[in-house]
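Asker: Model the structure of this input:
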Amino acid sequence: MKRKIVNPDPNHKKRIEMEEKIQEKELKDTVENKDELDRELKYKTKPHKS
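Answerer: Numbering: from 1, shown residues only. Below you'll find the model as predicted:
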């Protein structure tokens, strides 16, 4: 059975939200970087024939 928190610390809640936002942003950045890396690698390993 979970104990109900009567009065949670608002600062703690804000800090958790900030951390989640930062983690989400980092995750987004890594995903974008991965996409760019994949593209670059593709061109480096299979250059266009001209």
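
Asker: residues near residue 9, how many?
Answerer: Residues lying near residue 9 (other CB atoms under 10 Å) number 9. Heads up, the C-betas are built off the backbone N, CA and C, glycines and all.

Asker: ditto for the one 4 residues further on
Answerer: By other CB under 10 Å, the residues close to residue 13 number 10.

Asker: Quick one: the helices in the protein, in order.
Answerer: 10-45 (DSSP state H).

Asker: gap between the most centrally placed residue in the chain and residue 11?
Answerer: In the chain, the centroid-proximal residue (CA atoms, centre = their mean) is residue 27; its distance is 1.6 Å. Distance, residue 27 to residue 11, using CB to CB, to the nearest Å: 25 Å.

Asker: Likewise for residue 40?
Answerer: From residue 40 to residue 11 the distance is 43 Å (CB to CB).

Asker: Point out where this protein drops to low pLDDT.
Answerer: By pLDDT under 70, the weakly predicted segments of the chain are 1, 5-8, 44-50.

Asker: Count the neighbours of residue 19 for me.
Answerer: For residue 19, the neighbour count with other CB under 10 Å is 10.
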